[in-house]
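Asks: model the following, please.
(chains A, B and C)
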Amino acid sequence: MDFRPNVRKLAIALLCGFLVLLAPLTYWQVLVATRLQASSYNERAKARRKAIRRGSIFDRNGGVLAETQPFGSDLEERVYPLDEAAAHVVGYYARVHGRDGIERTQDDALMALGQYLTSPKRLFSPRWVGCDVMLTLDAEAQQAAHVELGRRRGAVVAVDPRTGEILVMVSAPSFHPALVDEEWPRIRQRGDAPLLNRATARPYRPGGALQLIIATAAIDLGAARASDTFTCRGSADVGGMPVDCSPRRGHGQISLTGAFAQSCRIALATLATRLGPERLDEYIRRFGWRGAPELEIPVRRSAVRELTAVGRADFVAACLDGHGVRLTPLAMCSAAASIANGGVRMQPYLVRSVADVNGRVLNQTPPRRLGRVCSSWAAAELGALMTSAVRRGTARRAGISDVEVAGIAGSAEEPDVGANSWFLGFAPADSPEVAVAVVIEDGGGSGEQAAKLAGGVFEAMLR
Amino acid sequence: MDFVLAVGKYFFLALLYVFVFLVYRAILRDVRGAATPAPSGNRRAHSGAPSSSARLVVVESPDVDRLPAGTVLPLSAATSVGRSSENAIELPDRFASAHHVLIYLTRGKHVLRDRDSTNGTFVNGTRIYSEVVLSAGDRLEIGTTILEYRQ
Amino acid sequence: MVSVRGSRDSGAQLERALLLLGGGVVVIGFLLTSLGMGESWVRTVRIFLVPGAFLLASFALDGIHSPRERLILPMVALLCGVGICCLWLVDDWQMSKQLLWITLGAALLVGTYHVVPEPARLGRYKYLCGAIAAALIVVTMIWGRAATQDGPKLWLGFGPFSFQPAEAAKLLMSIFLAGFLAERFKAQRVAPGERSRASPSIRYMGPVILVVGLCLAMFVLQSDLGAAMLFFGLFVAMLYVGVGRLQYVLMSIALFLAGAGLAYQYSPKVASRVSIWLDPWGSGDYGAGQIRESLLCFGEGGIFGTGLGLGMVGRLPAASTDLIFAVIGEQMGMLGCTAILLLYAMLVYRSFRIAWRSEDAFSSLLATALATVLAVQTLTIIGGVTRLIPLTGITLPFVSYGGSSMATNLVAVGLLLAISRQPGGSSVPGVTDI
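Replies: Numbers count the residues shown, from 1 in each chain, chains lettered A, B, ... in the order given. Next up is the predicted model:
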């Protein structure tokens, strides 16, 4: 009868097996449970979404940008009052093709998913309701900018320089957010990329936008004063490189203000050479054109090559024509806003606040200071420079009655696209409330179109 | 309704664990040694021959008429002792439990086991809570009855 | 004569009390399931059949006055009840049929208990049992029906009735193995109190190895890997009990792995199962969906579960049979799963306890075999469903839907209770009584 000890050992071995089973159970049901619940294989998520009433998206004045409305007897649909005008920012919420824009990045808040899974309140309420998201956008201005841009391609970004709130973000061509599923094949086939948010994800050659850097650096470092004069004879050899100016005969004796206003290449090239690549790189960094930008919707970095790493020819080309420099309209607007804000750069943001179904504010985004691009008196000087650019210079078309506008404009050649017209500036010049950047693809060989559009935007926002 | 379901869910789990716990407790009780039934005589012979001369001798008894002192009580392979008539050795002692002790044979030795008696069992003055091996001359106090183990 | 009436009564009381409590748990569970599913709760009445059947059985088993195992029946009753609750969510019709199987099974349990007053006598039929087991397996392989096109042929049918011979075969095989080993041990009779010096040598196991090997081959040929695992586990366990030396166990495991390796190479089904096990998320095979959904169910359950009747198991294949534990996982969460696991562990423990407390060699070995089958089956299916090991197609005892499975397992319980009825205890030398 001595097999009985073996039986005991067998029993112990098998019972240990049960103990071992606790491991996978703990793994799947405790450690990775949330991952499984969110898995794309999990059909329950769809059922859960249907059970929740999604929150709405509002503009800064409470106007509806996106909301869920009943459709037929038992279905619901997502409605977008601004349609194409705000499509890139607000995004879409499609059954088949998913979500994008604010609809995607603020999804957790709009469905209040975090609390849904754990809150005991869920037991009492008849239907779970997500939170509402209030954006910084100004719906009227957004609509106006969209109309102004019309059938052209490009982007308009307007920002409150004092806080960084994004008031307008338009990209064209656009799409109908409520019809994404239906129009998907057509949308994808189009050659002009309507889903692309040109304001944040399309870096452009800014042409002479680097002038801003040069001017800022020069004034801030005291390398030049507004009253300094340069001699422009149409063409010159600057630092060993031939530079041509337009008009051919040159500007003659020109002050810094005038050089800036008229985009005198020789003067600017002289200044740039005087400052040197290291200092210019430093200001490029201060303007935030090197780092990875943050925003509540996806943004692309601007691409600005290191000026210290290029040869002299490329250096001049970069400074004058923006070779090797690609900026998103948002980055441009941020630059204008920094100058408008006395040299202080603010973080641009889209989401003003998040409130629950009872109106209780859960989250409020405070304005955030990112750093200083230049001293406040330098900013003031630059403001003056930009004001005269609008009064008498290349950005003339941005002027509007009653309000003094400051800005610079120009055009940049892009292969395969044409000459992009661009503008960046702010208004009112003495106490800025709005900073604007406009880029119009294939907008003619000058900054006129962009400047005019910007004028329209200022008009809409400041009256 | 969701509330009822949520409460029900936790209540059900709790009840389930109550069940599990009670079974577990019963297992533990078995492990700690409830008495094991000895073979009933009419069914099969038990292994292990009784040690022929092992016996209990009554030293003191509360009822000398029914159980006088000096009575010799033989021990078999498994002998139950208590107040109840079902026991192999029936003690007329009010202070003894109905099923007080079991004395069984293992490996040639007699082992005494207390069966959760009310007043306890004392061997040579020490209270026994589970089991003890008996040696010749041990004094067992069961209730107010005193028995001596002899071989 | 010593009868221990006191403890017999308290044993019966304990059993009935636990049956009532378990019954209460099951009724409440069923009620919650109906609420969760939005069904009318008048239909809840049906559930009383489960605790009722087992309570009746409990009384019926006490016709013979003898102490027996008291904790197994309530646990089995509770598991059956939990199974019913889960089945309702999965398939209403199967749930009704399962109620029938449970009732019939309970009757079979009582019948077995009474018809086999001396389990030791079963040992005489060992060769017959072994032969019938093998025959059943062969017959099923040739003439059986399969559930799906490619699936293993699991059923034998006679008119409207069909059953799974593999289930009966496992009982018969247990009897065979137990009897065979008992005979070998008797051949080495030792005086009581003395330890045997040498264990039976491996040569004696020859016929066993042959028979079991045959069965295994047939299962593997059919790709009924669940049954193969079970028989193999039973064989290795009994081998160890009989021979006592770990090396034979290790050798068998090595052989098994070798066989598995071969199977992986040459059988696309096995290869598919293994690759699904290694990466269920990427694989496109049908089976991958099974384990994926199973794991998702567990994840959805979390710690407390979704609540009875609230699981969404629509996409879970074989939810009523192989993957029923995932249904438990979703509805009762980790806490529920652990409780069920504890119940199975305690069941296995009590079955083994019957084994080592039993005086008679054959009964003891039979109990060992039955306990092993229960343990291996449960471990295999729960391990497969949680992706600890590859998923195989066997049932979770007492919970999965299946008449043959329920009947066989309840008969096994009847046998265990019959074995526990014998006197046993500390008169067995050399073993402490726990």
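
Asks: for whichever strand or helix holds A:D108, buried residues please.
Replies: Following DSSP states H and E, one finds A:D108 within helix A:107-111. For helix A:107-111, the neighbour count (16 or more other Cβ atoms under 10 Å in any protein chain shown) marks A:D107, A:A109, A:L110, A:M111 as buried. C-betas here are computed from N, CA, C, even on glycine.

Asks: do the same with stretch C:40-48
Replies: Judged by neighbour count using 16+ other Cβ under 10 Å, the buried positions of stretch C:40-48 are C:T44, C:I47.

Asks: about what we covered before: what's the closest of the buried residues of helix A:107-111 to A:P194?
Replies: Taking Cβ to Cβ as the measure, A:P194 lies nearest A:D107 of the buried residues of helix A:107-111, at 22.2 Å.

Asks: name the nearest residue to the closest one, sequence neighbours excluded.
Replies: A:R99 (6.0 Å; Cβ to Cβ, 6 or more residues apart in numbering or on different chains).

Asks: count of neighbours near residue 87?
Replies: If you meant another chain, say so; for now it's chain A. Neighbours of A:A87 under the rule other Cβ atoms under 10 Å in any protein chain shown: 27.

Asks: um, chain C though
Replies: C:L87, neighbours per other Cβ under 10 Å, totals 26.

Asks: same thing with A:N61?
Replies: 10.

Asks: and A:L275, how far from chain B?
Replies: Counting by Cβ to the nearest Cβ, to the nearest Å, the separation of A:L275 from chain B is 68 Å.

Asks: next up, the contacts around the closest residue to that residue other than its chain neighbours.
Replies: Setting aside the residues directly before and after it, A:L275 is nearest to A:A217 in space (Cβ to Cβ, 6+ apart), at 5.3 Å. A:A217 sits next to A:A223, A:L275, A:R279, A:L280, A:E282, A:Y283, A:C374 when contact means Cβ atoms under 8 Å, 6 or more residues apart in numbering or on different chains.

Asks: quick check, the first one in a helix?
Replies: No. Counting by DSSP: H, G, I helix; E, B strand; the rest coil, A:A223 falls outside a helix, being coil.

Asks: got the contact list for it?
Replies: A:A217, A:L271, A:R274, A:L275.

Asks: how does it look with 6 Å?
Replies: By Cβ atoms under 6 Å, 6 or more residues apart in numbering or on different chains, the contact list for A:A223 reads A:R274, A:L275.

Asks: follow-up on the earlier one: pLDDT for the buried residues of helix A:107-111 - can I get that in JSON lines?
Replies: Output for the buried residues of helix A:107-111, formatted as JSON lines (pLDDT from 0 to 100):
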{"residue": "A:D107", "pLDDT": "88"}
{"residue": "A:A109", "pLDDT": "87"}
{"residue": "A:L110", "pLDDT": "89"}
{"residue": "A:M111", "pLDDT": "85"}
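
Asks: nearest to chain C, of the residues you listed?
Replies: Distance to chain C, by Cβ to the nearest Cβ, is smallest for A:M111 among the buried residues of helix A:107-111, at 17.4 Å.

Asks: against chain C, how distant is A:T68?
Replies: 23 Å.

Asks: I'd like the next helix or strand past the one helix or strand that residue maps to.
Replies: Using DSSP H and E, A:T68 sits in strand A:64-71. Using DSSP H and E, the helix or strand that follows strand A:64-71 in sequence is strand A:75-79.

Asks: next SSE downstream of that following strand?
Replies: helix A:87-90.

Asks: now do that following helix: distance to the chain's middle.
Replies: Distance of helix A:87-90 from the chain centroid (Cα atoms, centre = their mean, to the nearest Å) equals 12 Å.

Asks: before we move on, the earlier item: could the contacts of A:A217 be laid out in TSV, adding secondary structure?
Replies: As requested, the contacts of A:A217 are exported to TSV (three-state DSSP):
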residue	secondary structure
A:A223	coil
A:L275	helix
A:R279	helix
A:L280	helix
A:E282	helix
A:Y283	helix
A:C374	coil
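
Asks: can you give me the helices in the stretch 101-250 of chain C?
Replies: In the stretch 101-250 of chain C, the segments counted as helices under DSSP state H, counting those that start in this stretch are C:126-143, C:165-186, C:206-222, C:225-243, C:246-266.

Asks: which helix or strand contains the residue nearest the centre of chain C?
Replies: Against the mean C-alpha coordinate of chain C, by Cα atoms, centre = their mean, the closest residue is C:L374 at 3.4 Å. Assigned by DSSP H and E, C:L374 belongs to helix C:361-385.

Asks: which outside residues touch whichever helix or strand comes after that helix?
Replies: Once the chain leaves helix C:361-385, the next helix or strand it forms, by DSSP H and E, is helix C:403-420. With Cβ under 6 Å, 6+ apart as the test, helix C:403-420 has contacts from C:68-69, C:76, C:101, C:105, C:108-109, C:112-113, C:116, C:119, C:163-164, C:167, C:171, C:351, C:354, C:358, C:363, C:367, C:370, C:395, C:397-398.

Asks: cool, stretch C:20-35 as well?
Replies: B:8, B:12, B:15-16, B:19, C:41, C:44, C:47, C:50-51, C:74, C:77-78, C:81, C:85, C:88, C:308-309.

Asks: in the stretch 251-400 of chain A, which residue sits closest to chain B?
Replies: Chain B sits closest to A:V357 of the stretch 251-400 of chain A, with a gap of 17.1 Å, by Cβ to the nearest Cβ.

Asks: what's the spacing between that residue and A:G130?
Replies: 8 Å (Cβ to Cβ, to the nearest Å).

Asks: who has more neighbours out of the two?
Replies: Neighbours per residue (other Cβ under 10 Å) separate A:V357 from A:G130, with A:G130 holding more: 25 against 14.

Asks: any idea how far the closest residue in space to the more buried one that isn't next to it in sequence is from A:V434?
Replies: Of all residues beyond its chain neighbours, the one nearest A:G130 is A:G55 (3.7 Å), with distances taken as Cβ to Cβ, 6+ apart. Distance check for A:G55 against A:V434: by Cβ to Cβ, it reads 29 Å.
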